[in-house]
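# could you look at this predicted model? Sequence included:
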Amino acid sequence: MAEGKVLSFQDLILTLHAYWGKQGCVILQPYDMEVGAGTFHPATTLRALGPQPWNAAYVQPSRRPTDGRYGENPNRLQHYYQYQVIMKPSPANLQDLYLGSLREIGIDPLVHDIRFVEDDWESPTLGAWGLGWEVWCDGMEVTQFTYFQQMGGYDCKPVAGELTYGLERLAMYIQGVDSVYDLKFNDAGVTYGDVFLANEQQMSKWNFEVADTEKLFRWFKDCQSEWRQCIDNGVPLAAYDQAIKASHVFNLLQARGVISVQERASYMGQVRDMAKGSCEAWIATNADEWAAKFPGWTA
Amino acid sequence: MTDFLLELRCEEIPARMQLKASDDLARLFAEELAKAGLKPAAIDSFVTPRRLALIARGLPLETAAVSEEFKGPRTSAPAQALDGFLRKTGLTQDQLQDRDGVWFAVVNKPGRATADVLAQAVPAVVRAFPWPKSMRWGTASQTTESLRWVRPLQGIVALLGGEVIAIELDGIVAGRETVGHRFHSTGPVTIDGADDYAAKLRAAYVIASHQERQAIIEAKANEAAAAQGYSVIEDKGLVAENAGLTEWPVPLLGDFDPAFLEVPPEVIQLTLRINQKYFVLRDAAGKLAPAFICTANIEAIDGGAAIVEGNRKVLAARLSDARHFWEEDQWHHEGTGAARHRSTRKTLAEHAQKLERITFHEKLGTVADKVERVSKLAEWLASEGIVPNCDPALARQAAELCKADLVTEMVGEFPELQGVMGGYYARAEGLPDAVADAIRDHYKPVGQGDDVPTAPVTVAVSLADKLDTLLWFFMREMQPSGSRDPFALRRAALAVIALLTKNNLRLKLRMLTTRIIAAVGVIENNQRSIDRAARDEVILKGSHIPKHIHEDGDVMAAFGSSQPAVDEYIELEFPTGSASLKSRFSGFEVQFLDFFADRLKVQQKEAGVRHDLIDAVFALGGEDDLVRLLARVKALQSFVATDDGANLLAGYKRAANILKKEGVESAGALSLSYTPEKAEADLIAALDAAEPRAAQAVADETFEGAMAALATLRAPIDAFFDTVMVNDADPAKRTTRLALLARVRDAVHNVADFSKITG
């Protein structure tokens, strides 16, 4: 940690940016759509496919409507931040690079107990899975560390390494606070609560009580038909946007409690089909170019 | 003789896989060496999160030369045969030996350098390694053909004596360098050979032996607990897991707010063990202590203070969650923020309403439907006296609430607490102890060796729950087959048998099958009228009959909770199944009863009950009361062990064989048109006396008495066979004597089908 000073929330992000930037990552900005996790950013999902090297880091706001607690729970938020790093192919020293980032943000591994605990990752929605760990710091999970094996139903060739830091949790740990709303956002007296408490209160209410479910159902259908149009017209990136949108609308419908257990599986299947279909189209669009540049590579 | 050291170093191996992997490595390695004729004197295994290693001791530097002899074709055989033999052996004709007109090849294999054998064996072992899940990584993963390992493989140490074995695996070249502890050691650790491996690692803060790390964890955890006046609740699995998460284990003790102890101890234990892998402690009085032990992987420079503090915070957050669930599961609240407070109690009955949302099985309705069926069955078991001394109203109440905790937040978080939480919540809301106990224990027994409930209400609910599952899965043709038993029906049947026998419950299984068949009849009728109504409506509207109105009727659709069919099924008088329904479902009934017979054999095998004797009683066909059946089997088992029993069995078999040969099916009328010989008359008299005695004893269920009655037949039968000629020239005598033998057979069959008895 720079000069032994406790990092504010924003300095935590800036420190990670500086660190991963130095490791050759492109520092991207958040994707401008509602997603449930940083993995949904096309910089991870779509870039994990194909042979071309890709190293990127970014912050991604993650929306989980059902996790909303009206700002009353110190740990649960319907909107929070993930810090996402993807490196493809996975470098041989990825664990060391990761541990370097912890030292950078003030976690000394000779004072704090850092452990790699088995935790395999699977996203049925993205047709993806990987093996890896959750990284524990003194018994707390601070990062998800995954080697992607498949994405969109396709083998990752080559494999990408993905790191997902839970930023609020990490910041609470570093700053030693018990409530997310008490986090120092900066060093000028602004707290996380100043920035986000009202947002949590109102969005929880909207997610759970207000959102017009008829519109939501309609939007879901609209996303599906627009997705189809995109696929038919050879713009898989735009199609993928529609898959993301549909996924979020589905999450909202879940929060509104209007999807039964039986329907749930069917909706998830529809979102998965859109996501996988987008990946398939993305590969189809690029396969020739990739194969030409990387002899021996096949989808 | 020399030793070989192999270390396969990789990123963190999941703790649960390490011990098996260590065994697999030793086994596969030994197998590879055996192919080359090498057998180490001993193999020492090591495993840590980051390395899998072995030392093979006492290897020769070269394998022994081997001479192998192959027999070939005759010298007179066609040329093609000889050519084939030469190809196979790689020799030329002048190298063959002619022995009495047959070609023989002697192939001498010189000894190989052990180093060469190892250079081939190690890659073979790595490529064939049976990880439960393996992965690709890095640049090489551009193809799916690249090396797979549990996590990225980082390095290989392969030293025979002091020499590096030349091995290369997907770019990883074996050498003598490894690394020590991730944080306590920097730079490479150079290994000279097998003998300094463990010591060099220890100097670099790595305890290579899993067993030694386990011992350290146990000793230091006990020490830390004792210092506070506590003791560690033993948990071997957790010791092994922590040994699999550390290369330099350092157990540390921390405490938590005793206020959390208001939450049930089971919840606290699970939170500590499952979520955090902490050891649970108890105080001098044997109560759960407000403290934990975590196992760090470092000798922290502050003595572990920061680690303990961090873990305390994480645990406090987890226990707060648990306390939150405990609160929310039991109380409604009003107000928000600081003004939020309890209003009224949330009852289990309220939770139970949400069971409508959970599908039990797509063909068997929701959990609410199942609960409804189980409640009525439990009540019936009590009111019929099948479960004696059981209040039917309590049985019903307990069954109605037994699954309610499935929708509580606590069970959502800790599924293994199903039942347990329901028991706590029931007690907290003031339900009778019998009900709370039944809710808590109704999943029992969950396996051989688990406690079998004896409290009447618990027994009724547990039995009803399992019987409902068994009956309906069989009725819907989802019975287990081969090794496939996705709904754990075999376990459920064993539990039913254990409940019946332990509590001596008299339940005729046919009463249940008949009942359920009748129920299906009602459901189908009901469905037909629903279908008719729907069809009428459709016809009125002038549209086509939609596909979903089923022709053959997915009758379980009628099990939706809003459907009247459920009630009608349950209210049925027993027995009302129609003859046509009965014949339609006769297969179901047979399968169901056979299934129980099989399970009974499995279950009784441990108790030393012979399965052929169970068959002998089951084969009579009428017996569907498992308690009575077992009593009969046990009497039979004692009987056949006696002289009388063994001889009667021999006599029976002789009679049965003759009858079979002569094709005599039934006894027929016994008309004596001649003066019987003495032995013949004696046997008739013995039968006259024994038959009613045996029948009465069976009716009275005094099976020892039935056996004793049969025993009186032994001497007359022996005498009959000794002195009377069955196959007499006089057809009248012959017919009569065959009929007599048939009568013997039938008398025996009143007790058991002796033809099923082996030996």
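Okay, I see it.

# going forward, measure contacts and count neighbours with C-alpha atoms only.
Fine.

# all helices of the stretch 51-200 of chain B, in order?
Here the stretch 51-200 of chain B has its helices, by DSSP state H, counting those that start in this stretch, at B:79-89, B:114-127, B:197-203.

# just send these back as JSON lines, with mean neighbour count, mean pLDDT and distance to residue B:638 too.
Compiled in JSON lines, the helices of the stretch 51-200 of chain B are given as follows (neighbours: other CA atoms under 10 Å in any protein chain shown; pLDDT from 0 to 100; distance: least, CA to CA, whole Å):
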{"stretch": "helix B:79-89", "mean neighbour count": "14", "mean pLDDT": "89", "distance to residue B:638": "64"}
{"stretch": "helix B:114-127", "mean neighbour count": "18", "mean pLDDT": "96", "distance to residue B:638": "55"}
{"stretch": "helix B:197-203", "mean neighbour count": "17", "mean pLDDT": "98", "distance to residue B:638": "61"}
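
# tell me which of those lies nearest to chain A.
For those, the distance to chain A is smallest for helix B:197-203, at 16.9 Å, taking CA to the nearest CA.

# helices or strands up against the closest one?
Under the contact definition 3 or more CA pairs under 8 Å, 6 or more residues apart in numbering or on different chains; DSSP states H and E, helix B:197-203 sits against strand B:188-190.

# on that earlier part again, among the helices of the stretch 51-200 of chain B, which is nearest residue A:59?
Among these, the nearest to residue A:59 by CA to CA is helix B:114-127 (38.9 Å).

# circling back to that earlier point, so which of the helices of the stretch 51-200 of chain B is nearest residue A:226?
Using CA to CA as the measure, helix B:114-127 is the one of the helices of the stretch 51-200 of chain B that comes nearest residue A:226, at 46.7 Å.

# contacting residues around the closest one?
Applying CA atoms under 8 Å, 6 or more residues apart in numbering or on different chains, the contact partners of helix B:114-127 are B:25, B:28-29, B:32-33, B:36, B:59-63, B:147-149, B:160, B:165-169.

# buried subset of these?
The neighbour-count test (16 or more other CA atoms under 10 Å in any protein chain shown) marks B:25, B:28-29, B:32-33, B:36, B:59-63, B:147-149, B:160, B:165, B:167, B:169 as buried among the contacts of helix B:114-127.

# residue A:179 - how many residues pack around it?
By other CA atoms under 10 Å in any protein chain shown, the residues close to residue A:179 number 17.

# how far away is it from chain B?
Using CA to the nearest CA, to the nearest Å, residue A:179 is found at 10 Å from chain B.

# and the residue lying closest to that residue once chain neighbours are set aside, what does it touch?
Distances taken as CA to CA, 6 or more residues apart in numbering or on different chains put residue A:74 closest to residue A:179, at 4.4 Å, once the chain neighbours are dropped. Shown in contact with residue A:74 (CA under 8 Å, 6+ apart): A:178, A:179, A:180, A:181.

# between those residues, which sits nearest residue B:605?
residue A:178 (58.2 Å).

# now that closest one: how far from residue A:111?
Residue A:178 sits 20 Å away from residue A:111, going by CA to CA, to the nearest Å.

# check residue B:304 too.
Noted for residue B:304: a distance of 7 Å to residue A:111, by CA to CA.

# wait, is residue A:186 part of a strand?
No. Under DSSP: H, G, I helix; E, B strand; the rest coil, residue A:186 sits outside any strand and is assigned coil.

# tell me how many other residues surround the closest residue to it other than its chain neighbours.
Closest residue in space to residue A:186, ignoring its immediate chain neighbours: residue A:8 at 5.0 Å, by CA to CA, 6+ apart. The burial metric for residue A:8, expressed as a neighbour count using other CA under 10 Å, is 22.

# picking that back up, the contacts of helix B:114-127 in strands, which ones?
Filtering the contacts of helix B:114-127 for membership in strands, criterion DSSP state E, returns B:59, B:160, B:168, B:169.

# list the buried residues in stretch A:70-89.
Of the residues in stretch A:70-89, those buried by neighbour count under the rule 16+ other CA under 10 Å are A:70-72, A:75-89.

# and chain B, which of those residues contact it?
A:72, A:88, A:89 (CA under 8 Å from any CA of the partner chain).
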